[in-house]
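Chemist: sharing a sequence plus its predicted fold:
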Amino acid sequence: MWNDRLRLSADVYQRDTRDILNYIPVPGLSNLTNYLNTNIGSMTNKGFEIDLNGILIETKDMSWTAGVNMAYNNNKVTKLTASDENATGIETGGISGGTGNNVQMIQVDYPMRTFYLYQQVYDTAGNPINGVYFDRNNDGQITADDRYLSHKADADYTFGFNTNFSWKNWTAALSGHASVGNWVYNNVASDTEMLADLWTNQFVSNRVSSATKSMFTQAQYLSDYYLQDGSFLKLDNFTLGYTFPKLFKLNADRAASLNIFGTVQNICTFTKYSGIDPEVYGGIDGTVYPRPRTYVAGIKLNF
Amino acid sequence: MKKINYILGILAAAAAMTSCVGDLNVTPIDPNANTVDKVLTSQQALDSYISGVYLGFATSGYYGPNGDPSISGLDGGASQYIRGLYHHNELTTDESVCGWNDQTIKNFHYMNWTTDDTFIYAFYSRIFMQVSAANEFIREVGKLDYDATIRDRYIAEARTLRAIAYFHALDNFGNVPFADENAVVGVNPEQISRADLFAWLETELKDIISSGKLPEKNAVVAGHISAGAAKFLLAKLYLGAQVYTGTARWNDCADVLKDLMDDGYSLHTTPNGKTFSAYQDLFLADNDKCTDEIIFAVQQDGLYTQSYGVTNYLVFASTGGTMNVNHLGISSGWGGLRTTPEFADKFTASDTRNLLYDTAKSTADVDAMPETPEQRGDSEVKIEKLKKDGKYEDECKNLRDAKNAARKDNIQEKSIEDIGNFKYGYGFQKFRNVTSAGEIPNMVYDEENDQWNNPGFVNTDFPMMRYADVLLMAAECEARGASCNGLAAFNQVRARAGVPAVSNLSLDEILDERARELYQECWRRSDLIRFGKFTSGYNWQWKGETKDGKDVESYRTLFPIPDSDRLANSNLSQNEGY
């Protein structure tokens, strides 16, 4: 199109997966243990991917190219063989803190890794109330039946973009990516906010600073207070360079060139998520190693 | 995203190859494959195999205390069978609280556990894993062409072990899934009603006893099941019949007890050594010597049978605060278990069974705390090293500071102001990892400092069935109208404890006597239920999550069928009230 100035590709797909494996409770007495890797069901993934690349400016001194890609995926569990139709599904998504706590559920007609938590009740000032949850089924007490299926860990949309610009001897490049619709359970906060443990066995434990916001005396691992929108936009890489094409003469027809450049990686993240990084596979933020921001300055000499 | 789908697809493909369908039920043709008929050919092999079934009570799994536990969903140590038994039958009563912040552990004492409690699911899973292991043993060994007398004795042992697990299921969960050795493997089991399970257990135990496959008193292999264990269990079944079925069976209970009283068991009344009383001998590192009184015990060995449950849990979790770990024979305490003032008040001054750690004992231990490394018993090598590094004075100061801090903050108090603080509520010093001769077994040599340190695992067995309980059950049957010489039996127990004989039996006194004799042995909850004092009629500190205690819902006499199993098996309906 327009002398190859713009290129577009699009894919649409549907993938059906059978016999998904998961480590789940098995009926008592049917085995010599209570958890087994089991083929629990089927799911479908539907979506599309669009890839767009363009040369925006191309002149003798100046060039500017840009590329964007976008992917949409819709994931849904279609069958569960390990539980009966009337059952509520299979718990998954173990967290650290307490023992045997799961925050996600696999359920027919819902996406894989849908969060399954209690609905936190807040006071009039908007602060969460320690251990008070919404009685969703209206039976007058808070039981496991009051947990509900809410958001999912995987993104609806993911984006990537990159752009290159050069003018005379200057070059600049920027790239980044974004994700929309992924939710994150902040396990770091949920496991280190309870104030009851502040003083144990004659020593003071470290608590995260957000503890003063929740003011939970006991750990509230299964509260949706810790479930947050993890949509983000990240600027990953920016490079700026300048080339001295003829630094000095090597011989009659060759000259040495010098290229000076500076790069920043992991520049910034725009997100509403309160933890250190919303980009967590599986949606449970507990053991992520913080991604460093890296500055690189370089000199390249070509003889 | 697409990539992830591919990976899931590959996983799914790999999984599909392991799917089980009927046509995979074939015998391996590999001549080196170990199949049952090739392995179980000697008595030694049978011994190994039955050990696996016994191990279900004794450890968390087959790979040591830190290896893979047999069940998942909870920390391996915390999910151990006897530890679960203690959670359900002691933490729920006036006898014990646990001060840890381990998820829902306090809910046992608060009596507000929910259907999704992980501790309850772990214990429930332990029980049924134990039943499954016994079923498998009975099924496979039953097919063997082997000397019938020996084979049938092993099978009778496995059947009794299974009956113990089913008894715990009956007592704690009531209406549970049921399968015996004839059930089809891998099929979701059906639920059995509490009354039907009672009937099955009665028939099963009577058959084990009358078939005569088990030795009368002492088992052929030390620590194994004898007929006495089956009789004891049958007596427990009849004792609770009113609760389990609605119909009391006191006379039947008395008959079994009379039979058991003729089998040669007796109270252990002569101390094995000079340091401890005869009663204490039953809970020491060499309590395997007390075969006169202990009918069945879960074995522990500091070197070969280690776990973070059973008595290891009882000794370590009971140790904390100002206690001197050398008195308990362990390396360090976990500081968790204490008792309520209501239970502490049940002892009279002369009662030698009072092994609670009270304010006086706590103060005495603080007084005796070391102020120098020498007093602590450090080796010359270690002291020399401290002096050489210039740390000797610092160490002395640390010790003095610790002593002063302990005196100020850690002296044991009777009332439980705060469950999370070990100093509130008297502690337990009943179970110890010290022998009757006063020695600590399996001490660990520390080469660097040339000294011997206390071990990390105990030798003490867990006495699950004791003759003293037989005598107290007889007293109860007598008090409830049966005839079995119960008054004499009752006074026999009291005499050993150093408390005066009584001239007639009162039910309240029997309940209290059971508490004084059997505390920490996991009978308290069922005793309180049988006497109608569990959910209401008697309260203790922090019952119902209030300091002075309050009544709780009556349906809490049974634990719920865990959500996880109801999700996995649609045949199960929930117990009433949950």
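Modeler: All right, it came through fine.
Chemist: low-confidence regions, chain A specifically.
Modeler: Along chain A, the model assigns pLDDT under 70 to residues A:1-2, A:81-88, A:98-100, A:196-205.
Chemist: which stretches of it form helices?
Modeler: Ranges of helices in chain A, per DSSP state H, are A:187-192, A:211-214.
Chemist: residues in contact with the first one?
Modeler: Where contact means Cβ atoms under 8 Å, 6 or more residues apart in numbering or on different chains, the residues beyond helix A:187-192 that reach it are A:95-97, A:206-208, A:210-211, A:214, A:219-221, A:223, A:226, A:274-276, A:284-286. For every residue, glycine as well, the C-beta is placed using N, CA and C.
Chemist: which parts of that helix are buried?
Modeler: The neighbour-count check on helix A:187-192 (16 or more other Cβ atoms under 10 Å in any protein chain shown) flags A:Asn187, A:Val188, A:Ala189, A:Ser190, A:Asp191, A:Thr192 as buried.
Chemist: farthest pair in these?
Modeler: Taking Cβ to Cβ as the measure, the buried residues of helix A:187-192 span a maximum distance of 9.2 Å, between A:Asn187 and A:Thr192.
Chemist: contact partners for B:Val36?
Modeler: B:Glu140, B:Lys143, B:Leu144.
Chemist: from chain A, how far out is it?
Modeler: As defined by Cβ to the nearest Cβ, to the nearest Å, B:Val36 lies at a distance of 14 Å from chain A.
Chemist: restrict the contacts of B:Val36 to the buried ones and give me that as a PyMOL selection.
Modeler: PyMOL command restricting the contacts of B:Val36 to the buried ones, with burial defined by 16+ other Cβ under 10 Å:
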select buried, chain B and resi 144
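Chemist: what's the neighbour count on residue 226?
Modeler: Picked chain A for this. Neighbour count of A:Tyr226, defined by other Cβ atoms under 10 Å in any protein chain shown: 28.
Chemist: you answered for a different chain; I wanted chain B.
Modeler: Neighbour tally, B:Ser226, other Cβ under 10 Å: 21.
Chemist: and A:Phe134, by the same measure?
Modeler: By other Cβ under 10 Å, the residues close to A:Phe134 number 15.
Chemist: excluding its backbone neighbours, what's nearest the residue in the stretch 401-550 of chain B that chain A sits nearest to?
Modeler: Nearest residue of the stretch 401-550 of chain B to chain A, counting by Cβ to the nearest Cβ: B:Gly420, 6.8 Å away. In space, and not counting its chain neighbours, B:Gly420 is closest to B:Gly99: 5.1 Å by Cβ to Cβ, 6 or more residues apart in numbering or on different chains.
Chemist: which SSE is B:Ala235 in?
Modeler: helix B:227-239 (DSSP states H and E).
Chemist: work out the gap between the helix or strand just after that helix and the centre of the chain.
Modeler: Toward the C-terminus, helix B:227-239 is succeeded by helix B:241-245 as the next helix or strand (DSSP H and E). In terms of Cα atoms, centre = their mean, to the nearest Å, the centre of helix B:241-245 is found 23 Å from the chain centre.
Chemist: in helix B:241-245, what counts as buried?
Modeler: So, applying 16+ other Cβ under 10 Å, buried residues of helix B:241-245: B:Ala241, B:Val243, B:Tyr244, B:Thr245.
Chemist: and chain A, is stretch B:146-160 touching that?
Modeler: No: Stretch B:146-160 lies out of reach of chain A by Cβ under 8 Å from any Cβ of the partner chain, never closer than 14.0 Å.
Chemist: for that stretch, which positions count as buried?
Modeler: B:Tyr146, B:Arg151, B:Asp152, B:Arg153, B:Tyr154, B:Ile155, B:Ala156, B:Glu157, B:Ala158, B:Arg159, B:Thr160.
Chemist: before we move on, what about stretch A:31-40?
Modeler: A:Asn31, A:Leu32, A:Thr33, A:Asn34, A:Tyr35, A:Thr38, A:Asn39, A:Ile40.
Chemist: got CSV for the residues you listed, with distance to B:Arg525 too?
Modeler: Compiled in CSV, the buried residues of stretch A:31-40 are given as follows (distance: Cβ to Cβ, whole Å):
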residue, distance to B:Arg525
A:Asn31, 28
A:Leu32, 28
A:Thr33, 27
A:Asn34, 23
A:Tyr35, 27
A:Thr38, 34
A:Asn39, 40
A:Ile40, 36
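Chemist: among the residues you listed, which are in strands?
Modeler: Here DSSP state E is the test, and the buried residues of stretch A:31-40 give A:Tyr35, A:Thr38, A:Asn39, A:Ile40 as lying in strands.
Chemist: closest one to A:Leu235 out of those residues, please.
Modeler: A:Ile40 (39.4 Å).
Chemist: against B:Met465, how distant is the closest one?
Modeler: 42 Å (Cβ to Cβ, to the nearest Å).
Chemist: cool, and B:Glu395?
Modeler: Taking Cβ to Cβ, one finds B:Glu395 at 48 Å from B:Met465.
Chemist: of these two, which one has the most company?
Modeler: For B:Glu395 versus B:Met465, the count of surrounding residues by other Cβ under 10 Å is larger for B:Met465: 23 against 18.
Chemist: any idea how far apart the tips of stretch A:148-161 sit?
Modeler: Taking Cα to Cα, to the nearest Å, the first and last residues of stretch A:148-161 lie 36 Å apart.
Chemist: what is the burial count for the closest residue to B:Gln299 other than its chain neighbours?
Modeler: With Cβ to Cβ, 6+ apart as the criterion, B:Gln299 has its nearest non-adjacent residue at 4.6 Å, and that residue is B:Gly223. B:Gly223: 18 surrounding residues under other Cβ under 10 Å.
Chemist: assign a three-state SS to B:Gly223, would you?
Modeler: Under DSSP: H, G, I helix; E, B strand; the rest coil, the three-state class of B:Gly223 is coil.
Chemist: in chain B, which spans are strands?
Modeler: Taking DSSP E as the test, the strands found in chain B are B:97-98, B:176-178, B:190-192, B:294-298, B:337-338, B:356-357, B:427-428, B:444-446, B:451-453, B:462-466.
Chemist: hang on, the earlier thing: from the buried residues of helix A:187-192, pick the one nearest chain B.
Modeler: Using Cβ to the nearest Cβ, A:Asp191 comes nearest to chain B of these, at 11.5 Å.
Chemist: any idea how far that closest one is from A:Met105?
Modeler: Applying Cβ to Cβ, the value for A:Asp191 to A:Met105 is 20 Å.
Chemist: swap in B:Leu55?
Modeler: According to Cβ to Cβ, B:Leu55 and A:Met105 sit 34 Å apart.
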